[in-house]
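>>> based on what follows, work out the 3D shape:
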Amino acid sequence: MVHLAMTVPNTNHMLIFSCIASAAVIILGRSCSCLQFTYPNFNTSHMDDFSFSPGSTIANGSLQITPNTGNISHQSGRVVYAKGTLKLWNSKRTALTSFSTEFVLNILPQNGTAGEGMAFMITNNPSLPSNSSGQWLGLFNNQTDGAFTNRMVAVEFDTKKSYKDDLDDNHVGINVNSIKSNRQHPLNNQSIFLASGSDVCVQIKYDGTSLLFQVTLIQFSTSGQHVTVANRYIDLSLGLLDDIYVGFAGSTGDFTQLNQIKSWNFTTIDHGVKVGTWRKVLLALATLIIFSICLFVVLFMWRRLTRQRRLAYRNLEKMIDAHGPVKFKLKELRRATANFSGTRKLGRGGFGTVYLGYINRMNLEVAVKRVSTNNAKSDRGEQEFVAEVNTISKLSHRNLVKLIGWCHEGSELLLIYEYFPMGSLDKLLYASARESNSLSEASVLELTWERRYRIICGVASALDYLHHGSSKRILHRDVKASNVMLDEDYNARLGDFGLARVIQHDGVTHHSTQAVAGTRAYMAYESFFTGRASLDTDVYAFGVFIMEVISGRSPSSSVSYRNQDEGAGRTGEAMYIVDWIWRHYGEGKFFAVADTVLGGVYDEAQVECAVRLAVACCHPNPRERPSMRTVVQVLIGGARAPDPPFVKPAFVWPPSGNQREMEMPHVGVLFTGGRTSFCSMTSTSLTGR
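Numbers count the residues shown, from 1 in each chain. Predicted coordinates for the structure are as follows:
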């Protein structure tokens with residue numbers, strides 16, 4: 001697991017959450033006096049504020065939900081706020097009460113392995129049920145599980161896969177009257193690890209009008225801030241009565257952990273309370289001041305600015321197919337992404353940032369790609385935007401990411417895709433590799449060989465469709481693990497078409513570009529000489545992708561190869577993934593390249609087929625590479641796997657003719673300080689042009 005190198009102090013956590021809570025209060029309405037409290041930390045003077053089950057206490061500045069001394073295995077516990085209850089309905093009984101709560105939890109494994117978990121709960125029954133340790137998380141037992149009389153809604157933070165319906169040993173779930181979650185949300189793909197001994201900031205919001213129950217988790221690490229959001233629509237009145245208790249529950253099993261709450265803030269929001277007079281006065285003054293300042297500037301600049309923006313918008317709109325995807329308004333996308341909040345950020349690429357959004361009118365979670373300001377204002381940024389919209393809108397394949405819509409207003413360029421909670425393949429692939437020294441069973445099972453082979457087949461099918469199946473022949477030009485999304489069944493979806501180009505129009509083939517584009521570690525040899533992409537360069541990138549999935553190794557990092565005849569103390573030869581796997585292939589060591597996390601559990605015939613295919617796709621001579629149509633036939637067993645030469649041939653350019661060969665250094669890739677440069681690794685034959 002990834003542990004925090006530096007923990008943000010609790011006071012900072014509470015400051016962050018207090019700002020969030022204050023914003024929620026301003027947006028939703030004035031806070032009522034139903035239930036409100038703040039504990040930046042805990043000490044023994046707060047003992048009377050809570051109800052503790054036997055063994056639960058306050059220690060080390062935290063609420064200890066389960067016992068922290070003595071025999072702590074197979075224990076359960078509850079800590080409930082005792083100085084007030086939450087009212088189910090607002091003051092006018094026109095809607096359910098809205099609330100916001102923020103807390104910092106810390107789960108510290110004992111003896112190296114965690115189990116079982118803890119939960120935030122709202123309930124009419126605050127007492128701890130008997131026999132609720134282990135998988136029951138102090139919430140239920142085998143007699144009460146699923147009973148309506150539990151009157152319980154809980155958010156579980158599960159650290160052990162205790163039964164078959166559990167997603168894994170690191171997830172958050174929303175439970176109603178049962179230990180079986182209505183919805184589970186994986187955390188490994190978001191780089192959030194509950195049982196890391198590090199602080200996890202949790203915010204839970206409930207909107208009594210829309211019935212949206214939203215859970216946000218934030219964890220800080222050396223690699224940055226990691227955020228995930230889980231949503232569920234819940235009508236609390238169907239299961240709860242008035243006078244609701246709020247608190248925490250937890251449990252341990254064969255494996256133990258300390259279930260701790262380091263800070264806690266709770267605020268009730270009453271939609272029924274009208275805005276106070278002081279807010280009306282401030283609003284009127286602010287409006288008057290802003291109006292006075294802006295009036296003269298707006299009247300002077302409005303005509304010219306709006307005319308320029310309208311012309312730019314129309315020009316770009318004309319470039320986009322009218323029968324393409326849905327055109328969204330910017331204000332709708334701002335609402336969907338909480339105004340592009342940092343807590344909604346899913347990732348960042350060369351041309352922009354991707355945010356998680358929720359489109360109300362479609363009842364749909366989406367990924368919103370926001371082209372960066374510099375790119376949006378440049379011709380290249382607009383070209384990439386138009387290329388992506390026009391390219392993807394005409395495609396329809398089960399292994400391609402679906403483009404839902406687009407937006408261009410002012411300087412904003414946005415693309416809206418379907419959202420995949422599992423994230424991209426590289427996060428899962430390299431998360432397993434980082435944990436190879438202390439690998440958990442769940443990590444091994446996530447990317448089984450069966451799933452990897454299905455992913456390879458899915459990407460191959462998508463590329464075959466782009467090359468041979470769509471109405472126009474399309475080059476993807478950036479095939480790599482980070483551009484492959486996974487759905488909940490681990491089916492591959494190839495996305496990110498920012499570099500895609502149509503190369504066949506009316507039967508005439510065109511080169512796609514005269515500038516080297518793509519990710520260097522996946523680029524074919526000829527790309528650096530011609531500066532052009534082709535079907536063959538896509539095939540080469542796919543070959544590198546196969547190697548990446550088989551071995552679990554990054555193409556951008558060198559691999560050490562040591563021959564068995566060399567002494568045990570000698571350092572192996574450093575080489576990149578194509579040379580490394582080709583060397584093993586030449587020596588007949590097909591299975592030596594398989595990812596060690598598989599533990600030798602794979603279909604040997606499929607591994608050998610995949611290795612042969614990967615080597616053939618990465619042949620230095622583009623004319624020797626198979627087409628994607630042939631690749632698909634080989635993968636599904638409809639054609640025989642290729643037999644590339646055992647020794648990797650020299651790269652010769654042009655690929656045919658009797659030109660004089662000359663020795664030039666092989667082009668490798670070296671990443672230093674976030675920048676890409678070339679380094680010499682081996683010698684390769686090149687011909688003069």
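
>>> quick one: low-confidence parts of the stretch 501-650 of the chain?
501-518, 561-572 (pLDDT under 70).

>>> how is this protein partitioned into domains?
For the chain, automatic domain parsing gives the domain ranges 10-269, 320-418, 425-645.

>>> from one end of the last one to the other, what's the distance?
Read that as domain 425-645. Domain 425-645 has its terminal residues 30 Å apart, counting by Cα to Cα, to the nearest Å.

>>> in what helix or strand does residue 230 lie?
Using DSSP states H and E, residue 230 sits in strand 224-233.

>>> pull the residues that contact that strand.
Contact with strand 224-233 is made by 172, 174, 182-183, 185, 187, 190-192, 210-220, 342-345, 356, 358, 365, as judged by Cβ atoms under 8 Å, 6 or more residues apart in numbering. For the C-beta atoms, the positions are set from N, CA and C on the backbone; glycine is no exception.

>>> try it again at 6 Å.
For strand 224-233, the external contacting residues (Cβ atoms under 6 Å, 6 or more residues apart in numbering) are 172, 174, 183, 185, 190-192, 211-219, 343.

>>> partners of the next helix or strand after it, with directions?
The C-terminal neighbour of strand 224-233 among helices and strands, as given by DSSP H and E, is strand 245-252. Applying DSSP bridges, strand 245-252 is found paired with strand 76-81 (antiparallel), strand 116-123 (antiparallel).

>>> including mean pLDDT, mean neighbour count and distance to residue 594, could the ones you listed go into JSON lines?
Output for those, formatted as JSON lines (pLDDT from 0 to 100; neighbours: other Cβ atoms under 10 Å; distance: least, Cβ to Cβ, whole Å):
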{"stretch": "strand 76-81", "mean pLDDT": "96", "mean neighbour count": "25", "distance to residue 594": "42"}
{"stretch": "strand 116-123", "mean pLDDT": "96", "mean neighbour count": "26", "distance to residue 594": "33"}
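
>>> got TSV for these, with distance to residue 93 too?
Shown next, in TSV, are these (distance: least, Cβ to Cβ, whole Å):
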stretch	distance to residue 93
strand 76-81	23
strand 116-123	19
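
>>> element containing residue 185?
Secondary structure from DSSP H and E places residue 185 in strand 183-186.

>>> chain center to that strand, what's the gap?
Taking the mean of its C-alpha atoms, strand 183-186 sits 13 Å from the chain's own mean (Cα atoms, centre = their mean, to the nearest Å).

>>> report the rounded mean pLDDT for stretch 352-365.
Throughout stretch 352-365, pLDDT has a mean value of 91.

>>> got the buried residues for it?
By 16 or more other Cβ atoms under 10 Å, the buried positions in stretch 352-365 come out as 352-359, 365.

>>> end to end, how far does it reach?
Taking Cα to Cα as the measure, stretch 352-365 stretches 19 Å from start to finish.

>>> hey, C-alpha coordinates of the host helix or strand of residue 582 in PDB?
Using DSSP H and E, residue 582 falls within helix 577-586. C-alpha atoms of helix 577-586 as PDB (Å, rounded to 0.1, in the frame of the first residue of the first chain):
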ATOM      1  CA  ILE A 577      10.700  -3.700 -23.000                       C
ATOM      2  CA  VAL A 578      10.700  -4.600 -26.800                       C
ATOM      3  CA  ASP A 579      14.400  -5.800 -26.700                       C
ATOM      4  CA  TRP A 580      13.800  -7.500 -23.300                       C
ATOM      5  CA  ILE A 581      10.800  -9.500 -24.400                       C
ATOM      6  CA  TRP A 582      12.400 -10.300 -27.900                       C
ATOM      7  CA  ARG A 583      15.400 -11.700 -26.100                       C
ATOM      8  CA  HIS A 584      13.300 -14.000 -24.000                       C
ATOM      9  CA  TYR A 585      11.300 -15.000 -27.000                       C
ATOM     10  CA  GLY A 586      14.500 -15.900 -28.900                       C
END
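
>>> which helices and strands sit right next to it?
Applying 3 or more Cβ pairs under 6 Å, 6 or more residues apart in numbering; DSSP states H and E, we find helix 577-586 packed against strand 559-561, helix 604-617.

>>> mind doing that once more with 7 Å?
Here helix 577-586 touches helix 535-551, strand 559-561, helix 604-617, going by 3 or more Cβ pairs under 7 Å, 6 or more residues apart in numbering; DSSP states H and E.

>>> how about those in JSON lines, adding distance to residue 288?
Shown next, in JSON lines, are these (distance: least, Cβ to Cβ, whole Å):
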{"stretch": "helix 535-551", "distance to residue 288": "60"}
{"stretch": "strand 559-561", "distance to residue 288": "68"}
{"stretch": "helix 604-617", "distance to residue 288": "68"}
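
>>> for stretch 233-251, buried residues please.
Buried-residue list, stretch 233-251, by 16+ other Cβ under 10 Å: 234, 236, 239-240, 244-251.

>>> so how far is that stretch from its chain's centroid?
Centroid separation between stretch 233-251 and its chain, computed with Cα atoms, centre = their mean, is 30 Å.

>>> how close does the residue nearest the centre of the chain sit to residue 633?
Geometric centre of the chain, nearest residue: residue 423, 3.9 Å, by Cα atoms, centre = their mean. Distance of residue 423 to residue 633, computed by Cβ to Cβ, to the nearest Å: 31 Å.

>>> reformat the buried residues of stretch 352-365 as TSV; add secondary structure and distance to residue 152.
Formatted as TSV, those follow (DSSP: H, G, I helix; E, B strand; the rest coil; distance: Cβ to Cβ, whole Å):
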residue	secondary structure	distance to residue 152
352	strand	43
353	strand	39
354	strand	36
355	strand	33
356	strand	28
357	strand	31
358	strand	26
359	strand	31
365	strand	26
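
>>> what count of nearby residues applies to the nearest residue to residue 611 once chain neighbours are set aside?
Nearest residue to residue 611, sequence neighbours excluded (Cβ to Cβ, 6 or more residues apart in numbering): residue 590, at 5.0 Å. Neighbours of residue 590 under the rule other Cβ atoms under 10 Å: 19.

>>> tell me who's in contact with residue 590.
Neighbour list for residue 590: 607-608, 611 [criterion: Cβ atoms under 7 Å, 6 or more residues apart in numbering].

>>> buried among those residues? Make that a PyMOL selection.
In PyMOL, a selection of the buried entries from these looks like this (16+ other Cβ under 10 Å):
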select buried, resi 607+611
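
>>> how about the contacts of residue 590 in a markdown table, adding distance to residue 521?
Output for the contacts of residue 590, formatted as a markdown table (distance: Cβ to Cβ, whole Å):
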| residue | distance to residue 521 |
| --- | --- |
| 607 | 22 |
| 608 | 24 |
| 611 | 19 |
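
>>> which of the contacts of residue 590 lies closest to residue 35?
The closest of these to residue 35 turns out to be residue 607 (Cβ to Cβ; 58.8 Å).

>>> the residue nearest to the centre of the chain: what's it in contact with?
189, 486.

>>> return the distance of residue 344 relative to residue 358.
On the measure of Cβ to Cβ, residue 344 and residue 358 end up 9 Å apart.

>>> again, but for residue 164
Distance from residue 164 to residue 358, by Cβ to Cβ: 30 Å.

>>> picking that back up, so which of the strands paired with strand 245-252 comes closest to residue 261?
strand 76-81 (7.4 Å).

>>> for that closest one, give me every contacting residue.
Residues outside strand 76-81 that contact it (Cβ under 7 Å, 6+ apart) are 49-53, 55-56, 63, 65-67, 126, 128, 132-133, 136, 138, 245-251.

>>> so which residues of the stretch 301-450 of the chain form helices?
For the stretch 301-450 of the chain, applying DSSP state H, counting those that start in this stretch gives helices covering 330-336, 373-377, 379-392, 425-434, 441-446, 449-464.

>>> related to what we said a few turns ago, so which bits of the helix holding residue 582 are buried?
577-585.

>>> ok, stretch 639-655 next?
641-642, 644, 648, 651-653.
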